Each structure stands twice: as structure tokens, then as C-alpha cells.
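In: the sequence isn't on hand, but the structure is:
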């Protein structure tokens, strides 16, 4: 019998019984011993044992007495069997006394096969499917100091003014633990009486990661952690937080977990929405199948059990999964202390006078329930609250929260609620957050306003290759007019005939009227597409047509864009761009006409980076995350691949920058050994490169140039040295085997080395030249042995 059921609280309990075909078990079962055994006296037997068609490859002691087979209780326990009273049993146990257990004794092969029902099998459950992957670790040999400058410079000129702006980011890594970063913004404006210039520091921070505990420590400018019912704050100080990105292969949401049982060896497959997630053999007894969820929302899991006779049993199980939930026992948290950042992007060093403390946390109590909590305080204000997300079986997830604040004599409350459900054909997301006018958080102390209420509703219908959606958003503020918007949209893919979407939004408060749009795009191949759009607004209508070729994703290449508009926002735009290994640039111009006059603008933009590493300066593309400097030990022209895609070849110094890499992930880097010279040896051609956050690593493929000497030796009489003769090369006393016709092959021998060859008439010596090249293959011809 094979049965399956849901485990823990992941889904509703499932109990499905699958009957085994009678042919699975042997038709010649017998509990009685053969006739040649004297039942009155008993007989000791040492038999090879199999349980439910599983060969245990062990021999155990049995006793046949009075027509029954006995064995020691500890022997049965060692075979993975249990029975009522097994915990206190001792001495010999009659196998016929175990309920529903049957045996078959093969006299010729001295073999006993036991057929036990599942309830008598006590072995640990077989595990199939997802297991938490090991934590990627940094290889100390790949650590190297470096200094990286990212930049983005933009300039434009219109009818009246000329402006320029530059963003830069400086990173220092590999010098001590962690990574140090700082960013800056510079702006210049000239013309029409508006001359101005300013230089603003944006963020400065030092970050240290601990991947084993998924913890990140940040000192300097940072963003605080937040929940769905709290606000993120920009502050300067110290933040310690959980960081799941340090273990990117770990699944944090509840897993699709099932347990079942089978009486015979079987193969178990787990499918989720038709995609196989796990497969593996299971032994007789209980088994557990775990699959990492590949979707968010409602789906169907399918368990397929194939026994040793080829019979298949299938069980379909509906399930629901949500990213709002954490696995049972898993926590997500963040703690901050410091001061709020003020006038960000306007002033470099503007912070609140008072210290702030903040903390947020989530904990998976069960796979159905995740609890949340938040607290913060600053300058006499305290705010705290709790929340929860609960999965309602297959009916979706509901959430609720409550928070309260105290500041002087003001007592405020906040209430929140939400519901989500996602399926293949329909999805819904509802949420509301309401406060009284006394509720405050730390941000309100510095003038940031909180709405009294904020409600959202989103509905979506899957139409095969299209999507229909409806939305509603409503917000109210104290002493300010409220805002309410309703929208409806439809999008559809027509394959090679393009993509079409249409939508409309209505201001329900009557301030902005109705806005509607229609958009169509058509791909033409070779990264080229055309499009046309029409927009209706309260102040007029605008129609636009255009075409563009996007720049390549990895390789160097060109891109361009042209478009023209007619109607209320009439005008045109043209742009050309290029992506190279040194960065990307754009050059373009546009013309906009309104009711009074037109305005022409030309602009240029360049982005990229400069890296100082391993004593070399590299111009490069802008780095968003991590990267690697590939070294082939000075060997130039070596092809390098990232995830089996050719990414470039090493330069004259044997170096190549590879971007981008994913931090804390196994990035597959490899070289093509077919591109190596014949006199170069390589230790490895592939590695799993794991860089840290925002940093560079040294990916070294150790190579060595070789000097290969080929020559033949003969005695003073001109006879070739016999094949197989064992000679000795000095210095070093290295053994050398003489080949046919006296041929000798040496790798990297020292100049002037002496090869001593034993002969029947004594020993002779062949001496190598006093000068030899550093690399290459040299044929020295015949060398006399004297």
C-alpha cells in the first residue's frame, strides 16, 4: 500500500491510499520451514535477509522451532522493523506473531525474504527533493584590494540655459573587512540669470556581511527596515539587519512539503503546475517530498509514485503560497540607531538633532502564520505596533496590524487590514491603512506628513496571452483635499504582430478629469521595434510614432531612437547611443512645442567606471553589483566565458574585467583551453566565482609556460639506448624513462643539466646545453652519451 498526506501546516491534511498490485509481492509466501528441518529440536540458520524486495546485504541468525521461525528482538529492530511491544521485547521473537508479516525461505540460496506492512517499518523517512543549499563562501585566494569609481555625467542645452550634472560613486574594497562607499552629486546651471552650482554628498557608508547568519552591519547613511504598515526612513547611524541576499539560494517562504508511505521500493516525482520540482527513489516505509515553490498564489501539486513493477499512482493536491509568509521558525529583522537624514539631495550634512531608535521584525510561527512587530522612538515620541499575516488554506492570505503612538499629550492609533489571492485566471489585492489625526511616527517630527487613510484595490484577470486589470486608490490628508483614482487597463500579446495595451484613469474627486491611452509596438528583429501611441488628457490629445534599436545586453554595439508627436504635446526626438567595454554614451536632441512657443534641447550622457586593481587602471562599464578581474598569469588572448557565454579575451597583461556578477552567488567562469598556446599548462579551466556585495574579486586561472625538450641519446658506439632504461636527471635526481630509439622528453629542465644513463658496460652522461629558452618546444636532435 502507498499513501500520501500533507505534513505540518503547509496545506490541508491529505490522506490518499494507493493499492499495490498483487504481483508486487511473491506468490509463494510461506511461514513454514522446509520439510527437511527437524521441528521438534529446532535448527540454527544464518540467512541472507531482504525486506520488501530491498536487499540488505547482511546475514542474520534465525532459529526454526516447531514450524516457526524465530530471531532475536534486536535483530528485528536492526532490520528496520517494529511491532507492538517492541520497546520492551527481549530474547527470541516468533516472526508469525508479528501482525500481517509474511516470510519466504529460499533453501537453495539460504535466503529469507520478509514482507512487512508499512506499519511495521520503523526506519527513518526517505527524503526527496529540496534541501537548503550550502552557503556560498568567499575563497580567500580571490580577495584583492581595489578602488572603483562609477560615474554618470549628463549635460543639456535648451533655448535659455545650459546645465550639467555629474553623479559619482567611490568604492573601496579588499582593504580590511567589508566595503566602503560614498556617492556625490554635482550640478551646474548657466544662462538667463540662473547661474548656480552646487556639490552635494549623497551617501557614505561601510557595510560588513556575515553570510552564515545572514546578517549585515551598516554604519553611515542607510535606509531603515520597514513593514507593509510602516515607513522606511533615511538616517545616519548604525543598522544591523537580517539580509536574505547573503544566501540567495535559500527559500524563505513555506515549502511544498508532503509525507507518504509505500510498502515497496518506489520512485517519487513532485510536479508543481506541471513542472517537475523533485524526483528520487524511496525505500519501503515513510517518505517526505519537499519542493521549492516556483509560483506565488494558488497552484496544484502532483505526486507521482512509481513502484518496482512499473505501476504508477498519481495524487493531485491544491496549494497556495505567498511571499507575505515566512517559513516556520525563520525570522526577518532590522535594528537602527542614529539620526534622521534631512534635506537629502539638497544639503550634504543635514541630520536631525535628536537620536532615533527603530526596530522591525517578522517571525514564521507556523507555515500558516507570520507575526510582525515594529517600534521606534525619538525626542519624546514612541510608536509601536504588531501585525500578522494568516493563510486561509486555499482562500488566500489576510493581514492585519495595529499601532499606537504617544507624543506628549497626543495619543494616536493606526489600523490596517489586507487580503490577497492569486490564481491562474484571477487575482485580487486589497489593503487599507487608517489613522487618527494624533498618530505620529518619527518622520512626522521633521515635517513629513502621514495620510489619515490610504486604501488600494487591484483586480486582475488572466486572458491567456493578455491581461485585464482594474484598480482603485484613495488617500485623505488632514487639512488637504483627498485623492481618489480608478483605472482600467487591458494588454494583449499578438506574437509576431506585436503587443497592444489600452487603459483609462479617472480622478474621482473631479480635479484631473479622465486620462486615457492606447499603445502598440511591433518587433522587427535585430533588436529593432516600432510603436505608436495616443494619449487623451484634459488639456488635449497627443499622438506619437517612433522606432528604436536597443543596445546589446552584454556585447558592444550601437542603439538609436527616433519619435515624432502631434497634437497638444507636439515635437520630436532623435538619439544615438553606443555600449562599449569602457562604458556607454548617448547623444540626442528633442523639440517640444506648446501653445506659446517651441523649445529645442540637445543633450549628451556618458556612464561608466574606472577601476584601480592589481596595479592596473581599467576603464570599464558602470558596475551595479559585483565583478571579477580574470587573470591568466600574463597569458594574452585567452577566451573567457561567463555562464558559458563568451564575454571577452584577456589583454596583453593576461587580464579581463567581467561584469556583471551576482554577489554571494556561484557565477560560472571558465576559459577555453583550445585558445592556449601549446607550451602553456593550466591547473583548471572552470571555477565558481563568489564575490561579496558590491566588490570585485580576483579570478585567477593559474597557468605556466613550459619548456619541452625532445632529443635522442645513444652510446659512444652509436647504438641507441634500449627503451625502458631508467636514467637520472641532475640536479634533483629526477627519474627519466628512455623511450624507443633512445628518445627522451623533458619538461622545464634546468640549463646544463646532466642525464645519467646506466649501460651494460657502465654509466654514460648526456649534458644539456648551457643556455635554453624560457618556453617552447625544442628538438635537440641526437645527443651523445659519454
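Out: Alright, I've got the coordinates. This structure is a prediction, so every number in the text was calculated from the model and none was measured.
In: can you list the low-confidence ranges for the stretch 551-700 of the chain?
Out: Scanning the stretch 551-700 of the chain for pLDDT under 70 picks out 595-596.
In: what do you get for the chain?
Out: Residue ranges of the chain with pLDDT under 70: 1-42, 193, 293-294, 595-596.
In: residue ranges of the helices in it, please?
Out: Assigned by DSSP state H, the helices in the chain fall at 73-78.
In: hang on, isn't residue 588 packed against residue 572?
Out: No - contact criterion CB atoms under 8 Å: residue 588 and residue 572 do not qualify, at 10.8 Å. Any C-beta I mention is one placed from the backbone N, CA and C, and that applies to glycine too.
In: where's the residue nearest to residue 728 when sequence neighbours are not counted relative to residue 729, distance?
Out: Spatial nearest neighbour of residue 728, chain neighbours left out: residue 756 (4.8 Å); criterion: CB to CB, 6 or more residues apart in numbering. For residue 756, the distance to residue 729 equals 8 Å [CB to CB, to the nearest Å].
In: repeat for residue 398
Out: For residue 398, the distance to residue 729 - CB to CB - is 80 Å.
In: same check, this time on residue 129
Out: 57 Å.
In: just residue 341 next, same as before
Out: For residue 341, the distance to residue 729 (CB to CB) stands at 71 Å.
In: these two: which is more packed in?
Out: Neighbour count, other CB atoms under 10 Å: between residue 341 and residue 729, residue 341 has more, with 23 against 19.
In: spit out the contact partners of that one.
Out: Counting by CB atoms under 8 Å, 6 or more residues apart in numbering, residue 341 makes contact with 221, 234, 235, 236, 350, 351.
In: strands along the stretch 451-600 of the chain, start to end?
Out: 453-462, 466-477, 480-493, 499-507, 514-525, 528-537, 540-549, 557-567, 570-580, 583-593, 598-613 (DSSP state E, counting those that start in this stretch).
In: next, format those strands as a markdown table and append mean neighbour count and distance to residue 103.
Out: Formatted as a markdown table, the strands of the stretch 451-600 of the chain follow (neighbours: other CB atoms under 10 Å; distance: least, CB to CB, whole Å):
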| stretch | mean neighbour count | distance to residue 103 |
| --- | --- | --- |
| strand 453-462 | 16 | 57 |
| strand 466-477 | 16 | 62 |
| strand 480-493 | 15 | 64 |
| strand 499-507 | 16 | 68 |
| strand 514-525 | 14 | 70 |
| strand 528-537 | 16 | 73 |
| strand 540-549 | 16 | 76 |
| strand 557-567 | 16 | 74 |
| strand 570-580 | 17 | 74 |
| strand 583-593 | 17 | 76 |
| strand 598-613 | 16 | 71 |
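In: looking at those strands, which is nearest to residue 408?
Out: Of all those, strand 466-477 sits nearest to residue 408, with 21.8 Å by CB to CB.
In: direction included, what does the closest one pair against?
Out: Strand 466-477 pairs in its sheet with strand 453-462 (antiparallel), strand 480-493 (antiparallel), by DSSP bridges.
In: next, the angle strand 499-507 makes with it.
Out: Here the directions of strand 466-477 and strand 499-507 differ by 20 degrees (axes from the mean of the first three to the mean of the last three CA atoms, to 10 degrees).
In: chain center to strand 466-477, what's the gap?
Out: Distance, stretch centre to chain centre, for strand 466-477: 32 Å (CA atoms, centre = their mean, to the nearest Å).
In: give me the buried positions along stretch 327-341.
Out: With burial defined by 16 or more other CB atoms under 10 Å, the residues of stretch 327-341 counted as buried are 327, 328, 330, 332, 334, 335, 336, 338, 339, 340, 341.
In: any idea how far it is from the middle of the chain?
Out: From the chain centre to the centre of stretch 327-341 is a distance of 22 Å (CA atoms, centre = their mean).
In: what of stretch 638-648?
Out: Distance, centroid of stretch 638-648 to centroid of chain: 21 Å (CA atoms, centre = their mean).
In: which residues touch that stretch?
Out: For stretch 638-648, the surrounding residues in contact (CB under 8 Å, 6+ apart) are 554, 581, 630, 632, 649-650, 654, 656, 658, 661, 667-672, 675-676, 701.
In: could you do stretch 592-605 as well?
Out: By CB under 8 Å, 6+ apart, stretch 592-605 touches 152-159, 569-571, 585-591.
In: give me that answer again for 7 Å
Out: 154-159, 569-571, 585-591 (CB atoms under 7 Å, 6 or more residues apart in numbering).
In: just to revisit the earlier point, okay, the strands of the stretch 451-600 of the chain in JSON lines with distance to residue 394 next?
Out: Output for those, formatted as JSON lines (distance: least, CB to CB, whole Å):
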{"stretch": "strand 453-462", "distance to residue 394": "18"}
{"stretch": "strand 466-477", "distance to residue 394": "23"}
{"stretch": "strand 480-493", "distance to residue 394": "28"}
{"stretch": "strand 499-507", "distance to residue 394": "31"}
{"stretch": "strand 514-525", "distance to residue 394": "36"}
{"stretch": "strand 528-537", "distance to residue 394": "40"}
{"stretch": "strand 540-549", "distance to residue 394": "44"}
{"stretch": "strand 557-567", "distance to residue 394": "47"}
{"stretch": "strand 570-580", "distance to residue 394": "47"}
{"stretch": "strand 583-593", "distance to residue 394": "48"}
{"stretch": "strand 598-613", "distance to residue 394": "48"}
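In: closest one to residue 719 among those strands?
Out: Evaluated over the strands of the stretch 451-600 of the chain, closeness to residue 719 peaks at strand 598-613, with 59.1 Å, by CB to CB.
In: pairing partners for the closest one, with directions?
Out: strand 146-157 (antiparallel), strand 583-593 (antiparallel), strand 616-620 (antiparallel).
In: redo those strands as a markdown table? Include distance to residue 389.
Out: Converted to a markdown table, the strands paired with strand 598-613 look like this (distance: least, CB to CB, whole Å):
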| stretch | distance to residue 389 |
| --- | --- |
| strand 146-157 | 38 |
| strand 583-593 | 42 |
| strand 616-620 | 43 |
